[in-house]
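**Q** prediction below, plus the sequence it came from.
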Amino acid sequence: FVLSLALDPHQPERYLWVGTKGGGLERLDKQAGTFEHFTEARGLPNKVVYGILTDEHKHLWISTNRGLAQFNPRTLLFRNYTKAD
C-alpha cells in the first residue's frame, strides 16, 4: 500500500519517493522504471512510512511507527529521531 509520495528535491524529473505501509521507502527512477528499496537494513527506523516532506535544505523528513527520520537524498543516509530526542 502506498501511503505517501514526494518528488525528489534535487531531480524531480527523474525520481519519485514512495512511502509504503510495510515496504519501507522506495525511490522510483522514472526514466529506468526501477525501484530502489530502503528499509531498516539501510537505516530507516521502520518499514511503515506515513508521510514524506521536503525541507529548505532539500532533505526529506519521513514519519514512521518508530519516530522521524531525516533523509539526505544525495548521500542516501538517514538520521533518526525518537521520543528521547
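**A** Received, thanks.
**Q** CA only for contacts and neighbour counts going forward, please
**A** Will do.
**Q** and the residue positioned nearest the centre of the chain, how far is that from Arg66?
**A** Centroid-nearest residue in the chain: Leu25, 4.7 Å away (criterion: CA atoms, centre = their mean). Distance of Leu25 to Arg66, computed by CA to CA, to the nearest Å: 14 Å.
**Q** hang on, the earlier thing: OK, contacts around the residue nearest to the centre of the chain?
**A** 17-19, 37-39, 44, 47, 49 (CA atoms under 8 Å, 6 or more residues apart in numbering).
**Q** apply 10 Å and report the result again.
**A** 2, 4-5, 17-19, 35-40, 44, 46-50, 52, 62 (CA atoms under 10 Å, 6 or more residues apart in numbering).
**Q** go on, Pro12?
**A** Per CA under 10 Å, 6+ apart, neighbours of Pro12: 6, 30.
**Q** next up, phi/psi of it, please.
**A** phi -60, psi -20 (degrees, to the nearest 10).
**Q** that one and Gly19: what is the separation?
**A** 16 Å.
**Q** just Pro45 next, same as before
**A** 13 Å.
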